[in-house]
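Participant: Take a look and give me a structure for this.
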Amino acid sequence: MVQKRRQFTAQFKFDTVMEVLRGEKSVVQSCRERDIREALYYKWRGAFFERAPSVFEDQRRGFSEPSSDRVAELERMVGQLAMENAILKKVSSRLDTARRKNGT
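Facilitator: Predicted structure coming up:
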């Protein structure tokens, strides 16, 4: 009979690694209680340590490109609106001048 491979959640893996790192349990005890092999624990621990530094990376970097694109788009819109506003002011002042001449 072929055994189906078990899949473990990220939270399960994290809890397993953390209880050993905190010193709550030994590797052997944790693996025995969770019914996993020590080699699997060490694989999870290696992945944890490999990815842990990314937690402290500058998170602004991840948002800089989309936000800079958004800022550029908003600046373009502001420029366009400022130009439209200037045109409308000129037209409005000319209409006011024309109305005054016509006595309206």
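Participant: Domain-wise, how is this protein divided?
Facilitator: Following automatic domain parsing, one gets these domains for the chain: 8-56, 73-104.
Participant: For the protein, which segments are assigned as helices?
Facilitator: Ranges of helices within the chain are 10-21, 27-34, 38-51, 59-102, based on DSSP state H.
Participant: To Gln3, which of those helices lies closest?
Facilitator: helix 38-51 (14.7 Å; C-beta to C-beta). To be clear about C-beta, it is placed using only N, CA and C from the backbone, and glycine gets the same treatment.
Participant: how about that closest one: buried residues?
Facilitator: By neighbour count on 16 or more other C-beta atoms under 10 Å, the buried set for helix 38-51 is 41, 44-45.
Participant: For Val2, find the nearest of the domains of the chain.
Facilitator: Among those, domain 8-56 sits nearest to Val2 (C-beta to C-beta), with 18.3 Å.
Participant: Endpoints of that closest one, how far apart?
Facilitator: 26 Å (C-alpha to C-alpha, to the nearest Å).
Participant: and it, average pLDDT?
Facilitator: Here domain 8-56 scores 95 as its mean pLDDT.
Participant: For that domain, what is the distance to the chain centroid?
Facilitator: Taking C-alpha atoms, centre = their mean, to the nearest Å, one finds domain 8-56 lying 25 Å from the centre of the chain it belongs to.
Participant: what does stretch 2-18 give?
Facilitator: 26 Å.
Participant: same question, stretch 45-63
Facilitator: On C-alpha atoms, centre = their mean, the centre of stretch 45-63 falls 12 Å from that of its chain.
Participant: What are the contacting residues of that stretch?
Facilitator: 13-14, 17, 20-21 (C-beta atoms under 8 Å, 6 or more residues apart in numbering).
Participant: Out of those residues, the closest to Ala86 would be?
Facilitator: Of these, the one sitting nearest to Ala86 (C-beta to C-beta) turns out to be Phe14, at 57.9 Å.
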